[in-house]
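Trainee: the amino acid sequence is not available; the structure is as follows:
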């Protein structure tokens with residue numbers, strides 16, 4: 001399953017341990033405000049980078065797995 005843009009759903013899935021990998025695309029834009037990536041997490045969760053890719057647009061794609 002792929003979740004696009006739903007930080008609430010992603011947070012619930014993460015808390016239940018149902019996410020195998022995080023694919024995060026970083027866009028070269030600075031915003032003054034925004035939503036947290038995963039809201040409501042109480043503990044620190046370590047991730048390991050398993051891949052990355054830079055696109056011509058300047059976007060950087062990052063792949064992480066929970067350790």
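Mentor: Perfect, I can see it now. Worth saying up front: this structure is predicted, and the values here are computed from it rather than measured.

Trainee: center of this structure - which residue?
Mentor: Centroid check for the chain by C-alpha atoms, centre = their mean gives residue 24 as the closest residue, at 4.4 Å.

Trainee: list the contacts of that one.
Mentor: 37, 61, 62, 63, 64 (C-beta atoms under 8 Å, 6 or more residues apart in numbering). Where C-beta positions appear, they are placed from N, C-alpha and C, glycine not excepted.

Trainee: list the contacts of the fourth one.
Mentor: For residue 63, the residues meeting the contact criterion (C-beta under 8 Å, 6+ apart) are 21, 22, 23, 24, 49, 50, 51, 52.

Trainee: ditto for residue 44
Mentor: Counting by C-beta under 8 Å, 6+ apart, residue 44 has no contacts.

Trainee: how close does it sit to residue 20?
Mentor: 19 Å (C-beta to C-beta, to the nearest Å).

Trainee: ok, residue 37 next?
Mentor: 17 Å.

Trainee: neighbour-wise, which of these two wins?
Mentor: Between residue 37 and residue 20, counted using other C-beta atoms under 10 Å, the more crowded position is residue 37 (12 against 8).

Trainee: how about this structure, which residue sits the furthest from its center?
Mentor: Most peripheral residue of the chain (C-alpha atoms, centre = their mean): residue 56, 20.7 Å.

Trainee: give me the helix or strand of the chain that scores worst on average pLDDT.
Mentor: Least confident helix or strand of the chain, by mean pLDDT, DSSP states H and E, is helix 7-15 with a mean of 85.

Trainee: show the pLDDT at the residue nearest to residue 21 when sequence neighbours are not counted.
Mentor: Among residues not flanking residue 21 along the chain, residue 65 sits closest, at 5.4 Å (C-beta to C-beta, 6 or more residues apart in numbering). Looking at residue 65, its pLDDT stands at 94.

Trainee: the helix or strand residue 65 falls within pairs with which strands, parallel or anti?
Mentor: Element membership of residue 65 [criterion: DSSP states H and E] is strand 60-66. Using DSSP bridges, the strands paired with strand 60-66 are strand 21-26 (antiparallel), strand 47-54 (antiparallel).
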